[in-house]
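Engineer: coords below, sequence missing:
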């Protein structure tokens with residue numbers, strides 16, 4: 001997870017310029033995801049939010065392809081989701097949370113979705129957010145993504161994940177300590 005950046009959480013001016021160019025290009029290529037929004041306003045908000053730029057950089061480095069998916073008029077914040085066609089490659093093969101990771105006696109994955117999201121400064125998509133993302137395209141046709149799990153389910157050892165198969169979005173459950181090469185997580189970030 002970009003260890004060179006993980007301690008300082010600040011991008012150089014060159015890194016900022018490169019990231020902004022990538023985000024602008026993606027924004028312009030995917031206008032249906034953010035109808036009525038203008039890049040200049042998004043860019044101004046991003047330039048004023050160095051820590052959020054760092055989070056977006058890590059989302060990018062781990063294969064998330066973050067893009068703007070909404071604007072909250074009340075808070076004045078833009079919402080970014082991971083919009084990669086499949087769950088981000090650099091965030092796969094993880095169990096759900098630290099408790100699940102610690103509970104594994106052997107064959108532990110390298111990390112958990114909840115811990116990775118916290119380290120990046122993003123939140124794991126909720127089921128509602130995941131379904132909203134699927135209205136913008138077809139995602140996770142070959143992979144699956146952990147989603148934020150209600151405490152009552154997590155307390156019993158379970159966790160939830162979603163994918164898209166047969167042109168439908170499905171919500172499933174699994175033991176929180178399970179992990180698979182094709183399951184990761186998608187993040188959300190408000191700027």
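Structural biologist: Structure received. The shown structure was predicted, so the numbers you read here are calculated from the model rather than taken from an experiment.
Engineer: residues near the nearest residue to residue 180 once chain neighbours are set aside, how many?
Structural biologist: For residue 180, ignoring the flanking residues on the chain, the nearest one in space by Cβ to Cβ, 6 or more residues apart in numbering is residue 93 at 6.9 Å. All C-beta atoms are positioned from the backbone trio N, CA, C, and that covers glycine. When neighbours are defined as other Cβ atoms under 10 Å, residue 93 has 15 of them.
Engineer: touching the longest helix along the chain from outside, list them.
Structural biologist: Using DSSP state H to assign secondary structure, the helix with the most residues in the chain is helix 13-29. Outside helix 13-29, the residues that touch it by Cβ atoms under 8 Å, 6 or more residues apart in numbering are 11, 34, 39, 42-43, 46-47, 53, 56-57, 60, 65-68, 83.
Engineer: and residue 152, that's in a strand?
Structural biologist: No - Residue 152 is assigned helix when assessed by DSSP: H, G, I helix; E, B strand; the rest coil, not a strand.
Engineer: flag every buried residue along the longest helix of the chain.
Structural biologist: 16, 19, 20, 23, 26, 27 (16 or more other Cβ atoms under 10 Å).
Engineer: swap in stretch 67-76?
Structural biologist: In stretch 67-76, counting by 16+ other Cβ under 10 Å, buried: 67, 68, 69, 70, 71.
Engineer: the third one: what's it in contact with?
Structural biologist: Remark: with contacts taken as Cβ under 8 Å, 6+ apart, residue 69 is in contact with 33, 34, 79, 80, 81, 83, 132, 133, 136.
Engineer: tell me the one among these nearest to residue 147.
Structural biologist: Distance to residue 147 across the contacts of residue 69 (Cβ to Cβ) is lowest for residue 133, with 10.5 Å.
Engineer: work out for me the element that closest one sits within.
Structural biologist: Per DSSP states H and E: residue 133 is located in helix 127-134.
Engineer: got a list of contacts for the helix or strand that residue 100 is a member of?
Structural biologist: Residue 100 belongs to helix 98-103 when elements are defined using DSSP H and E. By Cβ under 8 Å, 6+ apart, the list of residues contacting helix 98-103 from outside reads 95, 108, 109, 111, 112, 114, 115, 159, 175, 176, 177.
Engineer: between the two ends of stretch 69-89, how far is it?
Structural biologist: Stretch 69-89 has an end-to-end distance of 21 Å (criterion: Cα to Cα, to the nearest Å).
Engineer: no further questions, thank you.
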